[in-house]
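J.: Model the structure of this input:
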Amino acid sequence: MAKILVINGSYRDDGITDQAVEVMTQALRAAGAEVEIILLREHPIEFCLNCRECTQQPGPAPGVCVQHDGMQALVDKIESSDAYILASPTNFGSVTAIFKRFMERLVVYAYWSWDMNYPQFRKANQPKKKAILISSCAAPGIFGRWFYGSHKQLKMTAQTIGADSVGTLFTGLIGKSPQPGLPKQMQVKARGLAEKLI
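T.: Down below sits the predicted model:
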């Protein structure tokens with residue numbers, strides 16, 4: 001049974017991001033996958049201290065952070081999962097602040113001793129897992145995907161944890177209603193993308 005981890009950086013309950021995640025989750029569970037959803041808005045993750053203590057620990061396993069919050073449990077879930085859904089709406093041209101905070105804490109996936117000029121990513125030479133990326137914006141979808149930073153940041157997150165993106169769901173023009181619904185064509189696409197993870 002495939003074990004899929006969803007990391008959702010949306011602020012809003014039942015917004016477009018939550019709706020897209022729900023459609024994919026239903027499709028995955030119907031296909032027999034085990035799915036766990038992490039809502040970063042409810043998960044206790046502190047800001048990175050930039051102390052780089054975690055990066056001094058050699059080896060392929062993620063380093064251990066000096067902070068004792070919910071991040072280590074989340075890293076353990078990342079490590080034990082077979083594939084991922086990484087989701088964040090676009091805010092000010094980027095992923096949300098809570099998703100960015102999570103991204104910064106992924107420095108545990110880098111080995112960067114003090115004598116090195118730049119980090120080495122621990123998952124770079126390991127077999128890749130799969131990831132689906134979900135985002136949205138108020139602009140037309142194609143504009144948001146290519147000209148805002150959220151898609152690039154979600155893709156970077158996947159690469160950092162050792163996954164290749166096998167598909168993207170990017171919904172545009174969502175700012176015209178206080179409670180937008182996921183369009184039918186996006187629901188169909190979401191179900192199709194879910195199949196790529198199993």
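J.: And for the nearest residue to A31 once chain neighbours are set aside, the neighbour number?
T.: Setting aside the residues directly before and after it, A31 is nearest to I198 in space (Cβ to Cβ, 6 or more residues apart in numbering), at 5.4 Å. For every residue, glycine as well, the C-beta is placed using N, CA and C. By other Cβ atoms under 10 Å, 15 other residues sit near I198.
J.: Tell me the spacing between I198 and A158.
T.: As for I198, its distance to A158 is 17 Å (criterion: Cβ to Cβ, to the nearest Å).
J.: what do you get for S94?
T.: 16 Å.
J.: For those two, indicate the residue with more neighbours.
T.: Between S94 and A158, counting by other Cβ under 10 Å, A158 is the more crowded of the two (21 against 15).
J.: Is that one within a helix or a strand, and which one?
T.: Assigned by DSSP states H and E, A158 belongs to helix 150-160.
J.: Hey, what's the angle from the next helix or strand after that helix to helix 150-160? Just curious.
T.: Moving toward the C-terminus from helix 150-160, the next helix or strand (DSSP H and E) is strand 163-171. Calculated by axes from the mean of the first three to the mean of the last three Cα atoms, to 10 degrees, strand 163-171 forms an angle of 160 degrees with helix 150-160.
J.: Other residues contacting strand 163-171?
T.: Here strand 163-171 makes contact (Cβ atoms under 8 Å, 6 or more residues apart in numbering) with 16, 20, 24, 83-84, 128-137, 141-142, 144-145, 151, 154-155, 158, 182-183, 186, 189-190, 193, 196-197.
J.: Extract the C-alpha trace of it and format it as CSV.
T.: Only the C-alpha atoms of strand 163-171 are listed here, as CSV (Å, rounded to 0.1, in the frame of the first residue of the first chain):
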residue,chain,number,x,y,z
ALA,A,163,11.2,13.8,-4.8
ASP,A,164,10.6,14.7,-8.5
SER,A,165,7.5,16.6,-9.4
VAL,A,166,5.3,14.4,-11.7
GLY,A,167,2.5,16.9,-12.0
THR,A,168,1.1,20.3,-11.1
LEU,A,169,-2.4,21.6,-10.3
PHE,A,170,-2.4,25.4,-10.6
THR,A,171,-5.8,27.1,-10.3
